[in-house]
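In: Sequence first, then the predicted structure:
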Amino acid sequence: MGFIYKTEREQTPDVKKSYMFIANHTSMTDIMLMLVSVKNPFVFVGKKELAKIPLFGFFYKRTCILVDRSSPKSRQAVFLRAQKRLKAGVSICIFPEGGVPEEHILLDEFKDGAFRLAINHQIPIVPITFADNKKRFSYTFFSGGPGKMRAKIHKFLSTKGLSINDTKILNDRARSIILEELKVFNK
């Protein structure tokens, strides 16, 4: 398709440890770039509605932890399924914007789920910035084209000793790291 990816790492995840990987969500290529940038085994947490997409949905529902965001019971079940995966040594990946923002929005607000989960399990958060995915393959028809797709894995954010009361501070810190990097890439 003409995409050349490059991953820059400020810190490298240990393949024997579990992490919470988070990234900005701008394109259908985000999943593919996450898969080639992160070497650790991980599972995505994603919206249940995507399982209805023909063919894609077949694989999606077998490889992801699905959440119905309108259901508190479903959100609680995500924590239990994620806990099983973390205990098995698998990491979790969540796009905390909760969906792809409109084209003019550089970075939407983050939902708290990824941060609560990381705090509950005392695993580091790994912020990742995808710089070019919106330019390469956005949700606007007939836009984008071949070129580089850069990912930057930032220094990890520790959750050691944090409580659920620290969720918003951790959320804001992670979002700020990704937003500042996006501003640099988009100059």
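Out: Structure received. What you see is a predicted model, and the numbers here were worked out from it, not measured in a lab.
In: Ranking helices and strands of this structure by mean pLDDT, which lands last?
Out: helix 133-136 (a mean of 63; mean pLDDT, DSSP states H and E).
In: Can you name the next helix or strand after it?
Out: Downstream of helix 133-136, the first helix or strand assigned by DSSP states H and E is strand 147-153.
In: Tell me the helices and strands packed up against the next helix or strand along the chain from that following strand.
Out: Tracing the chain past strand 147-153, the next element assigned as helix or strand by DSSP H and E is helix 167-185. With contacts defined as 3 or more Cβ pairs under 8 Å, 6 or more residues apart in numbering; DSSP states H and E, the packing partners of helix 167-185 are strand 20-23, helix 113-121, strand 125-130. No exception for glycine: its C-beta is placed from N, CA and C like everyone else's.
In: Any chance of CSV for these, columns mean neighbour count and distance to residue 7?
Out: Output for those, formatted as CSV (neighbours: other Cβ atoms under 10 Å; distance: least, Cβ to Cβ, whole Å):
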stretch, mean neighbour count, distance to residue 7
strand 20-23, 26, 12
helix 113-121, 22, 20
strand 125-130, 25, 9
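In: Redo these as JSON lines? Include distance to residue 37 and mean pLDDT.
Out: Listed next are the helices and strands packed on helix 167-185 as JSON lines, based on distance: least, Cβ to Cβ, whole Å; pLDDT from 0 to 100:
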{"stretch": "strand 20-23", "distance to residue 37": "9", "mean pLDDT": "96"}
{"stretch": "helix 113-121", "distance to residue 37": "17", "mean pLDDT": "94"}
{"stretch": "strand 125-130", "distance to residue 37": "7", "mean pLDDT": "95"}
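In: Dump these to TSV, plus distance to residue 67.
Out: As requested, the helices and strands packed on helix 167-185 are exported to TSV (distance: least, Cβ to Cβ, whole Å):
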stretch	distance to residue 67
strand 20-23	15
helix 113-121	8
strand 125-130	18
